[in-house]
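**Q** Sequence and computational prediction follow.
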Amino acid sequence: MISIWAPDGVAEVGRGDDLADHLLPLVELADGDIVCVTSKVVSKAEGRVAADDRADAIVRETRRLVARRGPLVIVVNRLGLTMAAAGVDASNVEQGQVLLLPEDPDGTARRLRSAIAARTAANVGVLVTDTAGRAWREGQTDFAIGAAGLRVLDDHAGRTDPYGNTLVVTAPAVADELAGAAELASGKLGRRPFAVIRGRADLVLPPREHGPGAETLVRPEGGDLFGLGSREAVIAALRRSGIDQAVFGSATQTEELRALLADLTGADVRSTGDGIEVASDDPRSRWVAEVAAYAHGWLGEDTSDAEVSRILLRPATP
């Protein structure tokens, strides 16, 4: 059985506060419990409140733009998280202030876990949570941006299901599942920034073994099929700037790209020992081939001579 509770009576958190001081008088923790704390109170304790224009703060917290639709921006922020507005929040703070995400959520989780262990001798896991929207789905849910003492993925690869099928890629993101469950108890407006989950001690690591943290849940650049918005992907391919190409992922296989370019351009497209050659007297066909190839991880070089206009395409990375 899993039980979740979020204690009432948490005082307003200010800069320099010890989060364990706020939590421990309100709960009795046991080995195997999982403590969840919202990023908002972590940021307040760490002084991540800024009297700043929200738009300016978003720019500073942004590593790369993913998509823009009017005033809404989805970006990869400095923590590597893909979030609306870089995770900059203007709620639960005084007007004219904004709340930035913690500097190091995994580090915060480790420190809080160590503080709890020192004061209670309880071996718990700790999650720092935040809220985000999801592709293809309406609404938002909480997810883990920091973790300590917890298996964040429950990898099922190699296990067998009840029908005898071997699982290959099934890996529930249990840290995110726990964060979402904790939010059901905490709520958004109840002033309950802590939640305790009991009943999943199997996910809690041994004392002083903090684990890899929530950072390992972030896919590497180019590892996500949706690293750019649909409009932004088109613009990035047209610009062929080099900075954007890693977002498209690893280079497409030669024969797959050759067939695609032949269909797109109607040109003479051949695989060669060096790569793929596109021969055409039509400048537009050669341009289309270069743009499409760029979006598939290939770069073009003009190899025209007096007789034939052509480009040679090679993978951008070995």
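**A** Received the coordinates, thanks.

**Q** Identify the bridge partners of Leu127.
**A** Beta bridges link Leu127 to Cys36, Ala147, judged by DSSP bridges.

**Q** That one is in contact with Gly180, isn't it?
**A** No - Leu127 is not in contact with Gly180 according to C-beta atoms under 8 Å; the separation is 10.6 Å. The way it works is simple: take the backbone N, C-alpha and C, and place the C-beta from them, glycine included.

**Q** where does the protein have low pLDDT?
**A** 318 (pLDDT under 70).

**Q** Helices along that one, start to end?
**A** Here the chain has its helices, by DSSP state H, at 19-23, 39-45, 54-61, 105-120, 174-186, 230-239, 254-265, 283-295.

**Q** Adding distance to Gly149 and mean neighbour count, write those out as CSV.
**A** Below are the helices of the chain laid out as CSV (distance: least, C-beta to C-beta, whole Å; neighbours: other C-beta atoms under 10 Å):
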stretch, distance to Gly149, mean neighbour count
helix 19-23, 14, 20
helix 39-45, 16, 24
helix 54-61, 28, 16
helix 105-120, 5, 20
helix 174-186, 11, 21
helix 230-239, 38, 14
helix 254-265, 44, 16
helix 283-295, 42, 19
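
**Q** Which of these sits closest to Arg137?
**A** With C-beta to C-beta, the closest approach to Arg137 among these belongs to helix 174-186: 12.3 Å.

**Q** Show me the protein divided up by domain.
**A** When the chain is parsed into structural domains using automatic domain parsing, the resulting residue ranges are 3-48+102-217, 230-315.

**Q** okay, how far is it across the first one, tip to tip?
**A** Right, domain 3-48+102-217. From its first residue to its last, domain 3-48+102-217 covers 25 Å (C-alpha to C-alpha, to the nearest Å).

**Q** Please report the distance of Val152 from Ala109.
**A** Separation of Val152 from Ala109 (C-beta to C-beta, to the nearest Å): 11 Å.

**Q** okay, and the common contacts of those two?
**A** Shared contacts of Val152 and Ala109 (C-beta atoms under 8 Å, 6 or more residues apart in numbering): 213-214.

**Q** In CSV: the helices of the chain, plus distance to Asp89.
**A** Below are these laid out as CSV (distance: least, C-beta to C-beta, whole Å):
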stretch, distance to Asp89
helix 19-23, 18
helix 39-45, 7
helix 54-61, 9
helix 105-120, 14
helix 174-186, 15
helix 230-239, 24
helix 254-265, 43
helix 283-295, 34
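
**Q** And these: which comes nearest Thr166?
**A** Closest to Thr166 of the helices of the chain is helix 174-186 (C-beta to C-beta; 20.9 Å).

**Q** follow-up on the earlier one: could you redo the domains of the chain as a markdown table and give each row distance to Gly223?
**A** Converted to a markdown table, those look like this (distance: least, C-beta to C-beta, whole Å):
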| stretch | distance to Gly223 |
| --- | --- |
| domain 3-48+102-217 | 12 |
| domain 230-315 | 7 |
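
**Q** Minimum distance to Ala67: which of those domains has it?
**A** Among these, domain 230-315 comes nearest to Ala67, with 5.4 Å by C-beta to C-beta.

**Q** can you tell me the distance between the two ends of the closest one?
**A** Using C-alpha to C-alpha, first and last residues of domain 230-315 are 23 Å apart.

**Q** contacting residues for Phe226?
**A** Contacts of Phe226 by C-beta under 8 Å, 6+ apart are Ala135.

**Q** Contacts only, for Ser91.
**A** So Ser91 contacts Leu99 (C-beta under 8 Å, 6+ apart).

**Q** backbone phi and psi for it, please?
**A** Main-chain torsions, Ser91, degrees, to the nearest 10: phi -100, psi 160.

**Q** ok, now how distant is it from Pro220?
**A** Separation of Ser91 from Pro220 (C-beta to C-beta): 31 Å.
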